[in-house]
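Trainee: need a 3D model of the following:
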Amino acid sequence: MPSLRPIRLAPSILSADLGRLAEEIREVEAAGADWVHVDVMDGRFVPNLTLGPVVARAARAATALPLDVHLMLVEPERWIEPFAEAGADTLSVHVEACPHLQRTLAEIRRLGKRAGVVLNPHTPEESIRYVLGDVDLVLVMSVNPGFGGQRFLPAVLPKLERLRDWIDRDRLPVDLEVDGGVDPSTTPQVVAAGADVLVAGSSVFGRPDRGAALAALRAAASAATG
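Mentor: Model (predicted):
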């Protein structure tokens, strides 16, 4: 069932023009974005290499919006403090990369940041059931991470539904985020399944009119919630 929380839109700067990053971020902020999503890839956990703490710091300087940092890294615990110091508000780590997940989440919170946990498409939701009380956000990948512009995988929808049920049943203050292939055609599905934070890269930064792109996502979300 859809979340009762307002839908938040988090454009991913993975799809932005990094040569004019500050302008790109200010443009989506003015267009009504709620968060800014930062995809960090190390070329090992995923087959791509992207942004480091220096770029996160530049993003922080460009906006007052919450900075949502997604660490697609081997040994993410080594990078928590540098990204926290760079200005991240939320730091999310993959369950697949964390042998001591609860410890890593506790360290994020110790640094005064919101703690998130991420599931790849093939990873069952049961793998995080016993840390739901230790997180502020759950991110469900609806593509295999590593590249922008991929096609949405509808097989993750039942996972979103079960996570929404657990979060609501236990009245947990946990955001349920989805990332991958989110556009106006897939937004109604993920919102109906319970997502309340939508990461969108190419469907926002890949459009010349960012205001119209964000408005189309909000309209699609509204259609799903009635």
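Trainee: now the strands for this protein?
Mentor: 8-11, 36-41, 67-72, 90-94, 114-119, 137-141, 175-179, 197-200 (DSSP state E).
Trainee: name the residues of stretch 195-206 that are buried.
Mentor: 195-205 (16 or more other Cβ atoms under 10 Å). (Each C-beta comes from the backbone N, C-alpha and C, glycine too.)
Trainee: next, format the strands of the chain as CSV and append distance to residue 17 and mean pLDDT.
Mentor: Formatted as CSV, the strands of the chain follow (distance: least, Cβ to Cβ, whole Å; pLDDT from 0 to 100):
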stretch, distance to residue 17, mean pLDDT
strand 8-11, 12, 97
strand 36-41, 14, 94
strand 67-72, 18, 96
strand 90-94, 24, 98
strand 114-119, 26, 98
strand 137-141, 24, 97
strand 175-179, 20, 97
strand 197-200, 16, 96
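Trainee: can you tell me which of the ones you listed is nearest to residue 160?
Mentor: Closest to residue 160 of those is strand 137-141 (Cβ to Cβ; 5.6 Å).
Trainee: thinking again about what came up before, distance to residue 51 added to the buried residues of stretch 195-206, as JSON lines?
Mentor: Listed next are the buried residues of stretch 195-206 as JSON lines, based on distance: Cβ to Cβ, whole Å:
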{"residue": "195", "distance to residue 51": "24"}
{"residue": "196", "distance to residue 51": "25"}
{"residue": "197", "distance to residue 51": "19"}
{"residue": "198", "distance to residue 51": "20"}
{"residue": "199", "distance to residue 51": "15"}
{"residue": "200", "distance to residue 51": "17"}
{"residue": "201", "distance to residue 51": "13"}
{"residue": "202", "distance to residue 51": "16"}
{"residue": "203", "distance to residue 51": "19"}
{"residue": "204", "distance to residue 51": "17"}
{"residue": "205", "distance to residue 51": "14"}
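Trainee: which one of those is nearest residue 220?
Mentor: For the buried residues of stretch 195-206, the minimum distance to residue 220 (Cβ to Cβ) is 9.4 Å, reached by residue 198.
Trainee: okay, the residue found closest to the closest one once you drop the neighbours it is linked to in the chain and residue 143: tell me how far apart.
Mentor: In this structure, residue 198 finds its nearest non-sequential neighbour in residue 182, 5.1 Å apart by Cβ to Cβ, 6 or more residues apart in numbering. Note on residue 182: its distance to residue 143, by Cβ to Cβ, to the nearest Å, is 9 Å.
Trainee: overlap in contacts, the two.
Mentor: residue 152 (Cβ atoms under 8 Å, 6 or more residues apart in numbering).
Trainee: the two: which is more packed in?
Mentor: residue 182 (28 against 19; other Cβ atoms under 10 Å).
Trainee: tell me the contacts of that one?
Mentor: Taking Cβ under 8 Å, 6+ apart, we find residue 182 in contact with 142, 152, 190, 198-200, 203, 217.
Trainee: how about low-confidence regions in the protein?
Mentor: For the chain, the stretches flagged by pLDDT under 70 are 1, 146-149, 226.
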